[in-house]
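# Predicted model follows, preceded by the sequence.
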Amino acid sequence: MVQFTQEQEMIRQTVNRICREKLAPKVGEVDRTCEFPWDIIQEFAGAGLRRMFFPVQYGGLGRDLVTNAMVVEEIAKFNTATAHTFCGIANSRNPLLLTGTEEQKRKYIPMLIRENGVTCLSITEPNAGSDVASMETRAVKDGDHYVLNGRKCFATNGSVALLYFIFAVSLPEEGAHGISCFLVEKGTPGLNAGRVEDKLGLRASNVAELTLEDVRVPAENLIGKEGEGFKICMVTLDKARLDAAAMGVGLAQGALDYAVAYAKSRVQFKQPVAQFQGMQFMFADMATHLEAARSLTYEAARRLEANDGSASMFCAMAKLFSSDMAMKLTVDAVQALGGYGVLRDHPVERIMRDAKILQIFDGTNQIQRLIIARGILR
């Protein structure tokens, strides 16, 4: 239902080949070991995928958000944790790309391309999840530096990043408008990664705690203006929600493909179970909801690329619908395999665990409903 250009189709085939040859054989193993996919990141870099979404003037390829959603969907067909890692790297750079100064871009973007650098965006705190304005991490101006103190959690790529984009309150009296964004380099004294979380799903995606103890950041590493952090955060989350939607579409497609193939080969009562009407009706519903989610996801990508005023609402819609669809579809995929569906010998139980997290991260689906309602009533 979504038509790609010839160039986009070539990119999709490249991603499919890497994932099929290098990623697919080890997805069960990395789900058990929670191993960070350095080898796949290197494969993506070798194929030019890592520089694909940087602006051309800084050494990137300048690809659009529809292409980005297509790449994320394709990776998620094979392993959603790897797609989440890819998205975590891409999304964490948005503050630099959208709001950074020319000097910051020329200093850090070529370095990230050259060193194949992993980046981390850190917003969430133990007492500031959906309520970002309750952030407690503080940034205090001290001469030509800011000093950061606080604790972060659920930081994607938190223990493996080269650069960190840390959100902290620098103007406490301004509430949400007192949050600022700071670029912090790996190895800065006082910045330490803590526990890597042992998660239900997306297990090979690195999600860690961060502690900041008197972390001195040059004032020139302030991203945007002081107090603009909340706005930067909200714009960045639009892109993250689009990627969550694309992940939902990809993982659901992978689950449906596997369940259909299994139902064609599994014989009961002297015929493949795919021949039973009850199974066919279930597959029909799964495919219909999947295509609806795919269409909404790419429409959201188109609107966000065009800076349409409705883009935030559509990204929320896509994230909400796609992740709910993915959860329902993967539960049905497990059901289609019967007793074998709950065994780790088959991938659908892992895909189902991954799907659950999509309903929670980058803004719970309850928060997405609030965003959509506000967009309608505005």
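All right, it came through fine. Numbering: from 1, shown residues only.

# Identify each buried residue in the one helix or strand Pro95 maps to, please.
Assigned by DSSP states H and E, Pro95 falls within helix 94-99. Buried residues in helix 94-99, counted by 16 or more other CB atoms under 10 Å: Asn94, Pro95, Leu96, Leu97, Thr99. Just so you know, the C-beta spots here come from the backbone N, C-alpha and C atoms, and that holds for glycine as well.

# State the distance from the third one to Gln368.
Relative to Gln368, Leu96 is positioned 26 Å away (CB to CB, to the nearest Å).

# Would you mind pulling the contact partners of stretch 282-302?
1-2, 65-66, 68-69, 73, 242, 245-246, 248-249, 252-253, 256, 259-260, 263, 274, 311, 314-315, 317-318, 321-322, 325-326, 328-329, 332-333, 335-336 (CB atoms under 8 Å, 6 or more residues apart in numbering).

# avg pLDDT for that stretch?
Here stretch 282-302 scores 98 as its mean pLDDT.

# just stretch 233-249 next, same as before
pLDDT averaged over stretch 233-249 gives 96.

# And stretch 316-324, by the same measure?
For stretch 316-324, mean pLDDT is 98.

# Isn't Glu35 up against Arg203?
No - if you go by CB atoms under 8 Å, Glu35 and Arg203 don't touch, sitting 9.2 Å apart.

# what about the two, which has more around it?
Set Glu35 next to Arg203 and count neighbours by other CB atoms under 10 Å: Arg203 wins out with 21 against 15.

# tell me the phi and psi of that one?
phi -70, psi -30 (degrees, to the nearest 10).

# show me the contacts for it.
Arg203 is in contact with Val30, Asp31, Arg32, Cys34, Ala81, counting by CB under 8 Å, 6+ apart.

# Met282 versus that one, what's the distance?
From Arg203 across to Met282, the span is 28 Å (CB to CB).

# Let me know how buried Gln275 is, in neighbour terms.
Count around Gln275 with other CB under 10 Å applied: 14.

# can you pull out the helices in the stretch 51-200 of the chain?
65-78, 80-92, 94-99, 102-114 (DSSP state H, counting those that start in this stretch).

# Mind putting the ones you listed into JSON lines with distance to Phe53 and mean pLDDT?
As requested, the helices of the stretch 51-200 of the chain are arranged in JSON lines below (distance: least, CB to CB, whole Å; pLDDT from 0 to 100):
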{"stretch": "helix 65-78", "distance to Phe53": "6", "mean pLDDT": "96"}
{"stretch": "helix 80-92", "distance to Phe53": "6", "mean pLDDT": "93"}
{"stretch": "helix 94-99", "distance to Phe53": "8", "mean pLDDT": "93"}
{"stretch": "helix 102-114", "distance to Phe53": "11", "mean pLDDT": "91"}
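
# closest to Ile223 out of those?
helix 94-99 (4.6 Å; CB to CB).

# Contacts for that closest one, please.
Helix 94-99 is contacted by residues 54-55, 104-105, 108-109, 121, 165, 181, 183, 223-224, 228, 232, 235-236, 239 when judged by CB under 8 Å, 6+ apart.

# Give me the buried subset of those.
Buried subset of the contacts of helix 94-99 (neighbour count, 16+ other CB under 10 Å): 54, 104-105, 108-109, 121, 165, 181, 183, 223-224, 228, 232, 235-236, 239.

# And the furthest pair within those?
Within the buried ones among the contacts of helix 94-99, Phe54 and Glu228 form the most distant pair, 22.0 Å apart (CB to CB).

# And for the protein, the residue most distant from the center?
Lys270 (44.0 Å; CA atoms, centre = their mean).

# so who does Cys87 touch?
Val72, Ala240, Asp243, Ala244, Met247.

# now swap in Gly194 and tell me
Taking CB under 8 Å, 6+ apart, we find Gly194 in contact with Ala208, Glu209, Leu210, Thr211.

# give me the number of residues near Phe86?
Using other CB under 10 Å, the number of residues around Phe86 comes to 25.

# What sits closest to it if chain neighbours are left out?
Using CB to CB, 6 or more residues apart in numbering and skipping residues adjacent in sequence, the residue nearest Phe86 is Ile75, 5.9 Å away.

# just Leu256 next, same as before
Nearest non-adjacent residue to Leu256, counting by CB to CB, 6+ apart: Met286, 5.4 Å away.

# Near the one you found, how many residues? Count them for me, please.
By other CB under 10 Å, the residues close to Met286 number 23.

# Which element, helix or strand, includes it?
Taking DSSP H and E as the definition, one finds Met286 inside helix 277-305.

# Can you tell me the closest non-neighbouring residue to Cys19?
For Cys19, the spatially nearest residue (CB to CB, 6+ apart) is Phe78, at 4.1 Å.

# ok, now Ala263?
With sequence-adjacent residues excluded and distances taken as CB to CB, 6+ apart, Ala263 is closest to Ala274, at 3.8 Å.

# Test my guess that the one you found contacts Gln280.
Yes - if you go by CB under 8 Å, Ala274 and Gln280 touch, sitting 7.1 Å apart.

# Which of those two has more residues huddled nearby?
Set side by side, Ala274 and Gln280 show more neighbours around Ala274, with 18 against 13, by other CB under 10 Å.

# low-scoring stretches of this protein, by residue?
Within the chain, the ranges that satisfy pLDDT under 70 run 1.

# go with 90
Within the chain, the stretches with pLDDT under 90 are 1-3, 45-63, 90-91, 110-117, 133, 175, 378.

# okay, now the domains of it?
Domain segmentation of the chain under automatic domain parsing yields 6-114, 119-226, 231-377.
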